[in-house]
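Asker: got a predicted model here, sequence first, then my questions.
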Amino acid sequence: VYSNNDAKKEEKKVPELIYLLFTYLTRHIDLLPAELHHIAETEGAPRAVCDYISGMTDHYATEKFKELFIPGAWKDGK
């Protein structure tokens, strides 16, 4: 729950961000930290991804989203 006005304005975006991270990471378990691979194998990918996302800070979650979904700049304009 956010109390800062600027953060409050962004709060409505959070469920979609979490949904997209969850959906993508559930399909790409290899991107999870190594310590979660055993959980994915024994309890399923959704459980491992939930554990991963639940441990993220707001900043880390948005940075991970950018890393996974926002194209980076190409060198030499290519």
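Answerer: Structure received. Residues are numbered from 1 along each chain as shown.

Asker: can you point me to the longest helix in this structure?
Answerer: In the chain, taking DSSP state H as the definition, the longest helix is helix 14-27.

Asker: how far does the very next helix or strand once past that helix sit from its chain's centre?
Answerer: Downstream of helix 14-27, the next assigned helix or strand under DSSP states H and E is helix 37-43. Relative to its parent chain, helix 37-43 has a centroid offset of 18 Å by Cα atoms, centre = their mean, to the nearest Å.

Asker: residues of the longest helix of the chain that come out buried?
Answerer: Neighbour counts over helix 14-27 (16 or more other Cβ atoms under 10 Å) mark 17-18, 21-22, 25-26 as buried. C-beta coordinates here come from the backbone N, C-alpha and C atoms, glycine included.

Asker: stretch 38-56 now?
Answerer: Those would be 39-40, 45, 48-53, for stretch 38-56 by 16+ other Cβ under 10 Å.

Asker: now the end-to-end length of that stretch.
Answerer: Distance between the two ends of stretch 38-56: 19 Å, counting by Cα to Cα, to the nearest Å.

Asker: could you do stretch 50-67 as well?
Answerer: Per Cα to Cα, stretch 50-67 runs 19 Å from first to last residue.
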